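Asks: Build the 3D model from these lines:
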Amino acid sequence: MDCAERRLGRGAALSVSGVFQGSLDIAAARDLAQRFLADAQAVHGLPVCRSAMDIVQLVVSELMTNADKYAPGASLLTLDVSGGTINVSVWDSNPTPPAILPHDPTRIGQHGLEIVIKLAHGFTVHRTPLGKRITAAIALTDDPLAGVL
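Replies: Now for the predicted structure:
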């Protein structure tokens, strides 16, 4: 991780960002997410259920793995909490949108985005002038696993 920034914005919004490069930094990105949500609970009193914390770390891992695999250079992870939701955003330098494959239980591998989309209550891909930004929205207090399995 090259940098991390924390700020308390308007309307009690919390945010943290980090720049990561390489597969070894994926664990550091997950750790940043875990520490950020733990601080949101302990310092700012925001409710965060255990399953949401686990899901956010999984989403961070999947999105950062894809960025590392398909885009050259560093990736930017941003976590924004507002209104009971955390937006997990990963920017990378490859402008090509990810291939979102249809559900296929016989396929070996390439289920990461399928899992992310199933767990998130919002998923967007935005092209940027220098790449793309993928954002998954996760509820912090609802049970995101209810009805998934």
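Asks: Tell me how far the most centrally placed residue in the chain lies from I26.
Replies: When C-alpha atoms, centre = their mean is applied to the chain, the residue found nearest the centroid is V88 (3.2 Å). Per C-beta to C-beta, to the nearest Å, V88 is found 13 Å from I26. In short, each C-beta sits where N, CA and C put it, glycine included.
Asks: which element is the residue nearest to the centre of the chain on?
Replies: Using DSSP states H and E, V88 sits within strand 85-92.
Asks: where do the helices sit along this structure?
Replies: Here the chain has its helices, by DSSP state H, at 25-42, 50-70, 112-119.
Asks: can those go into TSV with extra columns for distance to L101 and mean neighbour count?
Replies: Putting the helices of the chain into TSV (distance: least, C-beta to C-beta, whole Å; neighbours: other C-beta atoms under 10 Å) gives the following:
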stretch	distance to L101	mean neighbour count
helix 25-42	21	18
helix 50-70	12	20
helix 112-119	7	18
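Asks: between these, which one is nearest to K132?
Replies: The closest approach between K132 and any of the helices of the chain, judged by C-beta to C-beta, belongs to helix 50-70 at 9.3 Å.
Asks: Run through the neighbouring helices and strands of the closest one.
Replies: Using 3 or more C-beta pairs under 8 Å, 6 or more residues apart in numbering; DSSP states H and E, the elements in contact with helix 50-70 are helix 25-42, strand 75-82, strand 85-92, helix 112-119, strand 131-139.
Asks: Quick check: which of those is nearest to P98?
Replies: Shortest distance between P98 and the helices and strands packed on helix 50-70, using C-beta to C-beta, is found for helix 112-119: 5.7 Å.
Asks: average pLDDT for the closest one?
Replies: Helix 112-119 shows a mean pLDDT of 93 in the predicted model.
Asks: re the thing from before, nearest to N94 among the helices of the chain would be which one?
Replies: helix 50-70 (5.5 Å).
Asks: Rounded mean pLDDT for the closest one, please.
Replies: 96.
Asks: got the angle between that helix and strand 85-92?
Replies: 10 degrees (axes from the mean of the first three to the mean of the last three C-alpha atoms, to 10 degrees).
Asks: In PDB, list the C-alpha atoms belonging to helix 50-70.
Replies: Extracted as PDB, the C-alpha positions of helix 50-70 are listed here (Å, rounded to 0.1, in the frame of the first residue of the first chain):
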ATOM      1  CA  ARG A  50     -20.000  -9.500  11.100                       C
ATOM      2  CA  SER A  51     -21.300 -10.900   7.700                       C
ATOM      3  CA  ALA A  52     -21.000  -7.500   6.100                       C
ATOM      4  CA  MET A  53     -17.400  -7.200   7.300                       C
ATOM      5  CA  ASP A  54     -16.600 -10.600   5.800                       C
ATOM      6  CA  ILE A  55     -18.400  -9.800   2.500                       C
ATOM      7  CA  VAL A  56     -16.600  -6.400   2.200                       C
ATOM      8  CA  GLN A  57     -13.200  -8.200   2.500                       C
ATOM      9  CA  LEU A  58     -14.300 -10.800  -0.100                       C
ATOM     10  CA  VAL A  59     -15.400  -8.100  -2.500                       C
ATOM     11  CA  VAL A  60     -12.200  -6.100  -2.000                       C
ATOM     12  CA  SER A  61     -10.200  -9.300  -2.600                       C
ATOM     13  CA  GLU A  62     -12.100 -10.200  -5.800                       C
ATOM     14  CA  LEU A  63     -12.000  -6.700  -7.300                       C
ATOM     15  CA  MET A  64      -8.400  -6.200  -6.500                       C
ATOM     16  CA  THR A  65      -7.400  -9.600  -7.800                       C
ATOM     17  CA  ASN A  66      -9.200  -8.700 -11.100                       C
ATOM     18  CA  ALA A  67      -7.400  -5.400 -11.300                       C
ATOM     19  CA  ASP A  68      -4.000  -7.000 -10.600                       C
ATOM     20  CA  LYS A  69      -4.700  -9.700 -13.200                       C
ATOM     21  CA  TYR A  70      -6.100  -7.600 -16.100                       C
END
